[in-house]
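# fold the following.
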Amino acid sequence: ARIWGCLAFLVFDIFYLPLENGFQWNRSGLDVTISISVCIFWTVDMVSMFFSGVQRRDGTVEMRFRRVCARYTYTWLVVDAVLLGFDWLFLVGALVLRLGP
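Residues are numbered from 1 along each chain as shown. Down below sits the predicted model:
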């Protein structure tokens, strides 16, 4: 079930965000709700990566928290944090522009 959620949000990010930024349309309440949901989903997913086991080369699954954290930190943490930071930055920017002065 988790893979389908990831795929749905990934498809949303791939298609919707470029269209939204390229055409500068006014965001509806549904757009904002979906965007907030997507950002929350990816944030929870990033945090959950610290608590997921990783498969080692010998086929066993490493579940020790410190090792899992180290592996995630050295592999995908920076990429995930940068992309997620931009997601939140664009979302907050769009909300600020929508609310206006």
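# what's the offset of the helix or strand hosting Ile3 from the middle of its chain?
Assigned by DSSP states H and E, Ile3 falls within helix 2-23. How far helix 2-23 lies from its chain's middle: 10 Å, per Cα atoms, centre = their mean, to the nearest Å.
# can you check stretch 38-53 too?
The answer for stretch 38-53 is 8 Å, by Cα atoms, centre = their mean.
# which parts of the helix holding Ile3 are buried?
Phe9, Asp13, Leu17 (16 or more other Cβ atoms under 10 Å). Yep, even glycine has a C-beta here, placed from its N, CA and C like the rest.
# now for whichever helix or strand comes after that helix, which elements pack on it?
For helix 2-23, the following helix or strand on the C-terminal side (DSSP H and E) is helix 29-48. If contacts are counted by 3 or more Cβ pairs under 8 Å, 6 or more residues apart in numbering; DSSP states H and E, helix 29-48 sits against helix 2-23, helix 77-99.
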